[in-house]
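Chemist: Return a 3D structure for these sequence lines:
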Amino acid sequence: MSNSLQQQVAIVTGSSSGIGEGVALALSRAGATVVINHSHAGSRPEAEAVLATINSWNGKATIIQCDVSKEEEVQHLFAETIRQFGTVDILVANAGLQQDAKLTEMTLEQWNKVISINLTGQFLCCREAIKEFLRRGIVPERSAAAGKIICMSSVHEVIPWAGHVNYAASKGGIKLLMQTLAQEYAPEKIRINSIAPGAIRTRINHEAWDTPAAAQKLLELIPYGRIGEAADVGKAAVFLASDDSDYITGTTLFVDGGMTLYPGFADNG
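Modeler: This next block holds a predicted model:
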C-alpha cells in the first residue's frame, strides 16, 4: 500500500459504486482518509459495502449522503467533512448519470437532470473545495499544493455521442469548467485536472459488455484490446492527487485504451 496521500482527506462524490467506488478504494490504499458520498437513502447499503472494504485494511473513511445538484446539501457535505476531519485536501467530483434519448424525444426534465448533476454538481463541489483550500493554504507536510481537484469527465468531452446530447454537453462543459478554474487558481497553488474515462466495466453500462457479442462490438472502439476497470481510473486519480503530479494542472488525462485515437481511421478510414 502506497503512502503518497498520507494525512490527506479526500471527498469522492458518487463513490458508492462504479468508477467512484474504484477511486475511493484507490485513494484509501494510498493513505487518504476518504469521504464516501452517496446521493439517496437507497444507495446507503452500497456505500456501507465500500466502507467495509476500506475498514478491512484498516483504512479511515466515513459516509455522507449528498445530492450534488443541491447547493445546501453540497455545503453540508463539506461542512460535515471539515467538522469530522478538520479540512479537505482532495476533491474527486465524480457523481454523474445518463438519461438517454434522441434530441426530438428528450424531455426538458431529462436535459436538466443530467446537466444539474453532471455539470452544476461539479461547479458546486469545486466552489466549496476551493473555499476551503484558500482558507487553509499550503501545509507542506501534507502536500506541496494547497488543494487538488479531479473532475470526472469522459471521452465524450471530445467525441460526439448521438442519442446522448445532454450527457455529451455536460462533459464538454466539464472540460472548460476544469480548465477555467485551473487557470484562475493556479497562482494559489491549487491544482485542478480531469480524468476522462472511456469504456469502463461498471454495472451502469453492463449492456455494453455483458454478452460476447456486445463486448466484441465495444472492443472495436478500443485499440488496446480490453475494457477498462474502475481500478484503472483509481490509479490515475491517485497520481493526479499526489505530489508526483505537482507540475500538472489544467489537463485532461484520458483513461480510455486509445478510444480517442479514432480507431475507425486505422485503415485510412
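
Chemist: Which pLDDT value belongs to residue 215?
Modeler: pLDDT recorded at residue 215 is 87.

Chemist: The one 10 residues further on too?
Modeler: The per-residue pLDDT reported for residue 225 equals 95.

Chemist: correct me, but it touches residue 257?
Modeler: Yes: the pair residue 225 and residue 257 passes the contact test of CB atoms under 8 Å, sitting 7.4 Å apart. In short, each C-beta sits where N, CA and C put it, glycine included.

Chemist: more crowded one of these two?
Modeler: Per other CB atoms under 10 Å, whichever of residue 225 and residue 257 has more neighbours is residue 257, with 23 against 8.

Chemist: how far away is that one from residue 69?
Modeler: Residue 257 sits 31 Å away from residue 69, going by CB to CB, to the nearest Å.

Chemist: One more: residue 158?
Modeler: 25 Å.

Chemist: Can you find the helix or strand of this protein with the lowest average pLDDT?
Modeler: Lowest by mean pLDDT, DSSP states H and E among the helices and strands of the chain is helix 212-219, with a mean of 89.

Chemist: Quick check: buried residues in the next helix or strand after that one?
Modeler: Once the chain leaves helix 212-219, the next helix or strand it forms, by DSSP states H and E, is helix 230-241. Neighbour-count burial for helix 230-241, counted by 16 or more other CB atoms under 10 Å, picks out 230-234, 236-241.

Chemist: Then stretch 119-131?
Modeler: Buried-residue list, stretch 119-131, by 16+ other CB under 10 Å: 119-126, 128-130.

Chemist: Serialize those residues to CSV and add fields for pLDDT, secondary structure and distance to residue 265.
Modeler: Converted to CSV, the buried residues of stretch 119-131 look like this (pLDDT from 0 to 100; DSSP: H, G, I helix; E, B strand; the rest coil; distance: CB to CB, whole Å):
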residue, pLDDT, secondary structure, distance to residue 265
119, 98, helix, 30
120, 98, helix, 35
121, 98, helix, 35
122, 98, helix, 32
123, 98, helix, 35
124, 98, helix, 39
125, 98, helix, 37
126, 98, helix, 35
128, 98, helix, 42
129, 98, helix, 39
130, 98, helix, 40
